[in-house]
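> coordinates only, no sequence provided:
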């Protein structure tokens, strides 16, 4: 049996059944539906940050973080393109980072115009970080490579990186692929990556599956 496609971050469980795949479904604490029964991440997105969540975020996330199916905290992070107080974003982010550390869980990160600050947090982080929808920047790749950090790309990020000649900046042992909130299936994302990188499909699947097993302690 061939290795599965790994979809490290998705907002839809529709793509889960399109092919032989493992998906990590994003679940927000603002979602009123029942938590997933498949592997999922949970957290408060920086777009949803406000004073109430600054007080209550740990209390809200904890019940989901203790579920067996919850394997990561996220997506959380900093987004400086939004008209949301930066000190407030940082406060909520720090509380969720501490929660991830307490539960020894990897973190799925949303970062926009804030990589310089995220890098400062990474220097003292005690858990694995996955930078989702990472817009490839060679300087930041080199900086984050000093830490336990992985880079996840969707089709848009793959194409932009390839156009700039930067796709090879991310080594396969630090790579994840994702569908995020797009309508693409994960095999389409893999096809896009291999067409631009030149790597054979089975090698990419082998390396990303190995990354998944390492990050989530799967033997």
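It's in. As the structure is a computational prediction, the values presented were derived from the model and not from experiment. Numbers count the residues shown, from 1 in each chain.

> now the nearest residue to residue 145 once chain neighbours are set aside: how far from residue 124?
What sits nearest to residue 145 in space, not counting adjacent residues and going by CB to CB, 6 or more residues apart in numbering, is residue 174, at 6.9 Å. Heads up, the C-betas are built off the backbone N, CA and C, glycines and all. From residue 174 across to residue 124, the span is 20 Å (CB to CB, to the nearest Å).

> likewise for residue 40?
With the distance defined as CB to CB, residue 40 ends up 26 Å from residue 124.

> who's more crowded, those two?
residue 40 (21 against 9; other CB atoms under 10 Å).

> what sits against the more buried one?
Residue 40 makes contact with 24-27, 69-72 under the criterion CB atoms under 8 Å, 6 or more residues apart in numbering.

> ranges for the helices of the protein?
Ranges of helices within the chain are 51-65, 86-103, 115-122, 138-144, 155-163, 186-197, 201-215, based on DSSP state H.

> so can I have TSV of the ones you listed showing mean neighbour count and distance to residue 31?
Putting the helices of the chain into TSV (neighbours: other CB atoms under 10 Å; distance: least, CB to CB, whole Å) gives the following:
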stretch	mean neighbour count	distance to residue 31
helix 51-65	16	10
helix 86-103	18	16
helix 115-122	16	24
helix 138-144	16	29
helix 155-163	18	24
helix 186-197	19	22
helix 201-215	17	24
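
> to residue 169, which of those lies closest?
helix 138-144 (4.8 Å; CB to CB).

> ok, and what's touching that closest one?
115, 119, 122, 129, 131, 151, 166, 169-170.

> which residue in those has the weakest pLDDT?
Ranked by pLDDT, these bottom out at residue 122, which has 90.

> hmm, back to that, wait, doesn't the residue nearest to residue 145 sit right on residue 149?
Yes: with contact defined as CB atoms under 8 Å, residue 174 reaches residue 149; the gap is 7.1 Å.

> more crowded one of the two?
A count of neighbours by other CB under 10 Å puts residue 149 above the other of residue 174 and residue 149, at 22 against 19.

> residues contacting that one?
Residue 149 sits next to 122, 128-131, 174 when contact means CB under 8 Å, 6+ apart.

> what's the answer for residue 202, then?
Taking CB under 8 Å, 6+ apart, we find residue 202 in contact with 2-3.

> and it, how far is that from residue 213?
For residue 202, the distance to residue 213 equals 16 Å [CB to CB].

> next, find the distance separating residue 203 from residue 141.
When CB to CB is the yardstick, residue 203 and residue 141 sit 20 Å from each other.
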